[in-house]
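> Prediction below, plus the sequence it came from.
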Amino acid sequence: MANDLNVVALVGRLTRESELRYSSGGMAICRFSIAVNRRKRTADNRWEDEANFFDCTLFGKSAESLNQYLEKGRQVSIIGELRQSRWEQDGQNRSKVEVVVNSLQLLSSPGGPSEGRGGQQRNYGDQQSQRGQGQYQEKGGRQEAPEAFDMAGPEQFDDDQIPF
């Protein structure tokens, strides 16, 4: 059907270091996983966080360029689409849903909130990944991408304070 839509946008932290591999045709494939916390109200009117985990895949030059920055604990924003893989293993049908990343932004340093308030944001998609590659800062022998502006999310507002 021509009116179908498959778009996902997530902000979360990497749960492990990214893996960079190459297909038999030479295409770069970067795999990583992110945790996205959702704040929910419990029955006794307290707030608690619930973590959801998503496997992500990035392809091409973007995968090669960004792999070095995708460290455990770093906060990222991604836009992509969901893809389902199906296969048979030991006589049982299996499937897996993952996010194929079209665009990725680095939002913070590994393990901590963004310290670069008001700093530059860098958006990385297939076309954007080749621009500005030489503008990263060297930090402790490892290149660091610029930090992004950190904004409060909707979970930090009380429902009673929303005017609608």
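Good, I have the coordinates. A quick note: this is a predicted structure, and the numbers were derived from the prediction, not measured.

> what's the burial count for residue 43?
When counting by other C-beta atoms under 10 Å, one arrives at 5 neighbours for residue 43. (Each C-beta comes from the backbone N, C-alpha and C, glycine too.)

> do the same with the one 10 residues further on
With neighbours defined by other C-beta under 10 Å, the count for residue 53 comes to 10.

> And the pLDDT for the nearest residue to residue 71 once chain neighbours are set aside?
Once flanking residues are discounted, residue 71 sits nearest to residue 110: 4.3 Å by C-beta to C-beta, 6 or more residues apart in numbering. Looking at residue 110, its pLDDT stands at 71.

> Residue 110 - how many residues pack around it?
By the other C-beta under 10 Å criterion, the neighbourhood of residue 110 contains 15 residues.

> Quick check: which element contains it?
With the criterion set as DSSP states H and E, no secondary-structure element contains residue 110; it sits in neither a helix nor a strand.

> quick one, helices of the chain?
Taking DSSP state H as the criterion, the chain contains helices spanning 60-66.

> quick one on the thing from earlier: quick one: the residue nearest to residue 71 and residue 73 touch, right?
Yes - with contact taken as C-beta atoms under 8 Å, residue 110 and residue 73 are classed as touching, separated by 3.9 Å.

> Between the two, which contacts overlap?
Residues within reach of residue 110 and of residue 73 at once, by C-beta atoms under 8 Å, 6 or more residues apart in numbering, are residue 14.

> picking up where we left off before, roughly how far apart are the residue nearest to residue 71 and residue 14?
From residue 110 over to residue 14 the distance is 8 Å, taken as C-beta to C-beta, to the nearest Å.

> Between these two, which contacts overlap?
In the contact map built from C-beta under 8 Å, 6+ apart, the residues linked to both residue 110 and residue 14 are 71, 72, 73, 74.

> Return the entry from the residues you listed with the maximum number of neighbours.
Top of those by neighbour count (other C-beta under 10 Å): residue 74, with 22 neighbours.

> Quick check on that one: phi, psi?
Note on residue 74: its backbone torsions stand at phi -70, psi 140 [degrees, to the nearest 10].

> Now do the contacts for it.
Going by C-beta under 8 Å, 6+ apart, the list of residues near residue 74 reads 13, 14, 106, 107, 108, 109, 110, 111.

> so how far is residue 74 from the third one?
Looking back up the chat, that one is residue 106. Taking C-beta to C-beta, one finds residue 106 at 7 Å from residue 74.

> With the second one instead?
Distance of residue 14 to residue 74, given as C-beta to C-beta: 5 Å.
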